[in-house]
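Student: Using only what follows, build the 3D model:
(one chain, ligands or ions: 2)
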Amino acid sequence: MSNKIGKVILITGASSGIGKATAKRFAKNGYKVIITGRRKSKLKALKKELKSKFGVSVLDLSFDIRNFKECKEAINKIPREFQEINILFNNAGLASGLAPIHEGDINDWETMIDTNLKGLLYMTRLISPMMVKKGKGHIINTCSTAGHEVYPNGNVYCASKHAVEALSRAMRIDLHKSGIKVSQVSPGHVEETEFAKVRFHGDEKKAKIYEDFNPLKSKDVAKMVYYIASQPRHVNIQDVVMMGTQQANSNFIDRSGRKFDRR
Ligand code: NDP
Ligand code: 8X3
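Tutor: Residues are numbered from 1 along each chain as shown. Ligands and ions are numbered 1, 2, ... in the order given. Below is the predicted model:
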């Protein structure tokens, strides 16, 4: 096991997808891991897996990131062993719906803004003061290619991720003199996640969006997050935009069949 033993990472949205893969990657490298999300059973199962496979300490905290009171209560009950959070991975997020602006569902809009933007702000507000006090720490935000470009019917999701991109830059200005790194990872399409199922409100048929091309996998993003976190103290990777080879940008994807699959 690596010399990272003793360091703590708090991962939001760890009950599935990118967050879950990232929890595995950091646990494998000896980090103590705080995993968060709403679904208690998923977190419990992941905790069991991480502890038995990698022998690290794991804390599961189940709460709704849209609710500041719940976030605060969860952070306040972190036991001493996990209190020195070295890395905050602000990853919880979602797309809800895919509709032109004149037909958008207000509830979908509220959900995306409250989760992707306010949830990230709440967690940052609660944890960054501890990092400022220590004079070190690393905040890594999950942005998206949707934080750099827009695409048809992606309006509010893209706006929420453009806001994450703005916040990553603004947070860096506010925190760099305190020795805190702020980074973000900006993936294109990522499979082995529940992202598409959630976007299409559980419609499994509509969620089959990765069958005709080969996107990133959640572990590819996890590997990049670990790389970002593993740089020497004087190096900060500010943003990594990453896509599958068959994806050129948000609007151009080679959907002529899955290529480059490693079997
Ligand atoms: P998943 O749906 O697999 O994971 C989303 C995670 O966010 C889950 O663990 C979910 O946990 C958590 N979450 C959602 N809403 C809340 C909430 N209200 N309170 C607490 N936790 C919540 O999708 P991904 O892994 O793909 O998504 C992770 C991040 O990556 C998101 O920010 C997404 O926007 C971003 N992203 C995804 C891409 C993709 O193509 N998959 C590409 C680029 C960025 P639970 O449901 O248990 O609460
Ligand atoms: C997820 C990728 O292209 O669906 O952020 O917005 S995309």
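Student: Quick one: residues contacting the residue nearest to residue 39 when sequence neighbours are not counted.
Tutor: Spatial nearest neighbour of residue 39, excluding adjacent residues (Cβ to Cβ, 6 or more residues apart in numbering): residue 15 at 4.7 Å. For every residue, glycine as well, the C-beta is placed using N, CA and C. Residues near residue 15 by Cβ atoms under 8 Å, 6 or more residues apart in numbering: 35, 37-39, 42-43, 46.
Student: Just to be sure, residue 15 is in a helix?
Tutor: No - assigned with DSSP: H, G, I helix; E, B strand; the rest coil, residue 15 falls outside any helix and is coil.
Student: Let me see the backbone angles for it.
Tutor: Main-chain torsions, residue 15, degrees, to the nearest 10: phi -80, psi -10.
Student: And it, how far from residue 104?
Tutor: In this view, residue 15 and residue 104 are 27 Å apart by Cβ to Cβ, to the nearest Å.
Student: out of the contacts of residue 15, which is most surrounded?
Tutor: Neighbour counts for the contacts of residue 15, by other Cβ atoms under 10 Å, peak at residue 35, which reaches 27 neighbours.
Student: With residue 13 as the reference, measure out to it.
Tutor: Counting by Cβ to Cβ, the gap from residue 35 to residue 13 is 9 Å.
Student: Kindly report the same for residue 166.
Tutor: 20 Å.
Student: the more surrounded of the two?
Tutor: Per other Cβ under 10 Å, whichever of residue 166 and residue 13 has more neighbours is residue 13, with 26 against 13.
Student: can you pull out the helices in the stretch 101-250 of the chain?
Tutor: For the stretch 101-250 of the chain, the helices defined by DSSP state H, counting those that start in this stretch occupy 106-112, 120-134, 155-175, 195-199, 218-229.
Student: For the stretch 1-150 of the chain, list the residues in contact with ligand 1, please.
Tutor: Proximity of the stretch 1-150 of the chain to ligand 1, by Cβ under 6 Å from any ligand atom, involves residues 13-19, 37-39, 42, 64-66, 91-94, 115, 142, 144.
Student: mind listing which of the residues you listed are in strands?
Tutor: 37, 142 (DSSP state E).
Student: ok, of the residues of the stretch 1-150 of the chain next to ligand 1, which come out buried?
Tutor: Buried members of these, scored by 16 or more other Cβ atoms under 10 Å, are 13-19, 37, 42, 65-66, 91-94, 115, 142, 144.
Student: tell me, which of those make contact with ligand 2?
Tutor: Near ligand 2, by the rule Cβ under 6 Å from any ligand atom, you find residue 144 out of these.
Student: hey, C-alpha coordinates of stretch 45-62 in PDB?
Tutor: What follows is stretch 45-62, C-alpha atoms only, in PDB (Å, rounded to 0.1, in the frame of the first residue of the first chain):
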ATOM      1  CA  ALA A  45     -22.500  -2.100   0.300                       C
ATOM      2  CA  LEU A  46     -19.600   0.100  -1.000                       C
ATOM      3  CA  LYS A  47     -18.200   0.600   2.500                       C
ATOM      4  CA  LYS A  48     -18.200  -3.200   3.000                       C
ATOM      5  CA  GLU A  49     -16.400  -3.800  -0.300                       C
ATOM      6  CA  LEU A  50     -13.700  -1.100   0.300                       C
ATOM      7  CA  LYS A  51     -13.000  -2.300   3.800                       C
ATOM      8  CA  SER A  52     -12.700  -5.900   2.800                       C
ATOM      9  CA  LYS A  53     -10.700  -5.400  -0.400                       C
ATOM     10  CA  PHE A  54      -8.400  -2.600   0.700                       C
ATOM     11  CA  GLY A  55      -8.400  -2.600   4.500                       C
ATOM     12  CA  VAL A  56      -9.000   1.100   4.800                       C
ATOM     13  CA  SER A  57     -11.300   3.100   7.100                       C
ATOM     14  CA  VAL A  58     -14.500   4.100   5.500                       C
ATOM     15  CA  LEU A  59     -17.200   6.400   6.700                       C
ATOM     16  CA  ASP A  60     -20.600   6.500   5.000                       C
ATOM     17  CA  LEU A  61     -22.800   9.600   5.300                       C
ATOM     18  CA  SER A  62     -26.200   9.500   3.800                       C
END
